[in-house]
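>>> Need a 3D model of the sequence below.
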Amino acid sequence: MSERQLRMELAAACRLAARFGWQEAVANHLSLAISEDGKRFLMNRRWRDFSVIRASDLALLDASEISLPADIDSTAWAIHGSLHRLLPQARCVMHVHPTYATALSALQDPRLLPVDQTSARFFNRVAIDDKYGGFADNSAEGERLAAAAGNRKILLVRNHGLMVMGANVAEVFDLLYHFERAARTLLLAYASGQPVRVLDDETAEKTARAWESEPEFAGEHFLQMCAGLDPSYRD
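The predicted structure is shown next:
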């Protein structure tokens, strides 16, 4: 896929993240590798509203560089640079603070329990980082987060937010979309005050594998979402 096409996909993802309320103010970042080794990647610049980002606005960065460009957030550089440099599954990385996933990260027990078909998708597939110590503004913290993610595509950072990574924009968008919905369902179930009925491990695993048996779903989902966007994101 050309750099032009990759730029358009990431810009579209930024617009969709704004539509669903996943961005916090003008913070948070989405990135996408364009080189085979994953070290050269696109990312939104510092303090830009996702809702107006265009393909041409995205910065092209190299994770192997030491110096920090002036218009790139230091925490984004530390986190995304480290993930692209160290994790082969992190071709695309979305780090956002969606309402329900972030609320889940603040609970004493932040596990996304399999209480329905959507939450079961993530059964035993989420890494949890419980060592939040403030802004991740240095490479050591970025490397620590990469180690915490391991081979998982989803890292829930306690008292902070969510990081989702995968092979392409469509896959990561779809994972993020469904994780946030699943977190909402679980928190609403908790809020009812009634006992929560959790699926047994066998059923949850069976359901998760059923989700994984249709990888093309993510691409179609993303295309349908993009169809409703103002086409200016392509510029």
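
>>> Mind checking what secondary structure the residue lying farthest from the centre of the chain has?
Going by Cα atoms, centre = their mean, the residue of the chain most distant from its centre is residue 194, 30.8 Å out. Classification of residue 194 using DSSP: H, G, I helix; E, B strand; the rest coil returns coil.

>>> swap in residue 155?
Applying three-state DSSP: residue 155 is strand.

>>> The chain should start at 40 in everything you say after this.
Done: numbering now begins at 40, and the last item shifts to residue 194.

>>> State the pLDDT value of it.
Residue 194 is assigned 98 on the pLDDT scale.

>>> same question, residue 183
94.

>>> Then residue 177?
Reported pLDDT for residue 177: 83.

>>> who's in contact with the closest residue to it other than its chain neighbours?
The shortest distance from residue 177 to any non-neighbouring residue, by Cβ to Cβ, 6 or more residues apart in numbering, is to residue 117 (5.6 Å). To be clear about C-beta, it is placed using only N, CA and C from the backbone, and glycine gets the same treatment. By Cβ atoms under 8 Å, 6 or more residues apart in numbering, the contact list for residue 117 reads 175-178, 180-181.

>>> And residue 117, how close does it get to residue 184?
Counting by Cβ to Cβ, to the nearest Å, the gap from residue 117 to residue 184 is 9 Å.

>>> any residues in contact with both of these two?
residue 175.

>>> SS state for the residue nearest to residue 177?
helix.

>>> measure it to residue 149 for me?
From residue 117 to residue 149 the distance is 23 Å (Cβ to Cβ).

>>> same deal with residue 123?
In terms of Cβ to Cβ, residue 123 sits 25 Å off from residue 149.

>>> higher neighbour count, those two?
More crowded of residue 123 and residue 149, by other Cβ atoms under 10 Å: residue 123, with 30 against 19.

>>> And that one, how close does it get to residue 102?
5 Å.

>>> Give me the buried positions along the helix ranked longest in the chain.
Scanning the chain for the longest helix, with DSSP state H as the assignment, gives helix 208-230. Using 16 or more other Cβ atoms under 10 Å as the test for burial, helix 208-230 gives 208-225, 228-229.

>>> Also stretch 195-204?
195-197, 199-204.

>>> Against which helices or strands is the helix or strand where residue 140 lies packed?
Secondary structure assignment for residue 140, by DSSP states H and E: helix 138-144. Here helix 138-144 touches strand 193-196, strand 200-205, helix 208-230, going by 3 or more Cβ pairs under 8 Å, 6 or more residues apart in numbering; DSSP states H and E.

>>> any chance of those in CSV, plus distance to residue 73?
Output for the helices and strands packed on helix 138-144, formatted as CSV (distance: least, Cβ to Cβ, whole Å):
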stretch, distance to residue 73
strand 193-196, 22
strand 200-205, 15
helix 208-230, 12
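
>>> Which among those is found nearest to residue 65?
Closest to residue 65 of those, according to Cβ to Cβ: strand 200-205, at 15.1 Å.

>>> what about the closest one, distance to the chain center?
Relative to its parent chain, strand 200-205 has a centroid offset of 3 Å by Cα atoms, centre = their mean, to the nearest Å.

>>> cool, stretch 194-210 as well?
3 Å.

>>> returning to that earlier point: measure the residue farthest from the centre of the chain to residue 163 for me?
25 Å.

>>> Could you do residue 55 as well?
From residue 55 to residue 163 the distance is 28 Å (Cβ to Cβ).

>>> More neighbours: which of the two?
Using other Cβ under 10 Å, the more surrounded residue of residue 55 and residue 163 is residue 55, with 23 against 10.

>>> and the more buried one, that's in a helix?
Yes - looking at residue 55 with three-state DSSP, it is inside a helix.
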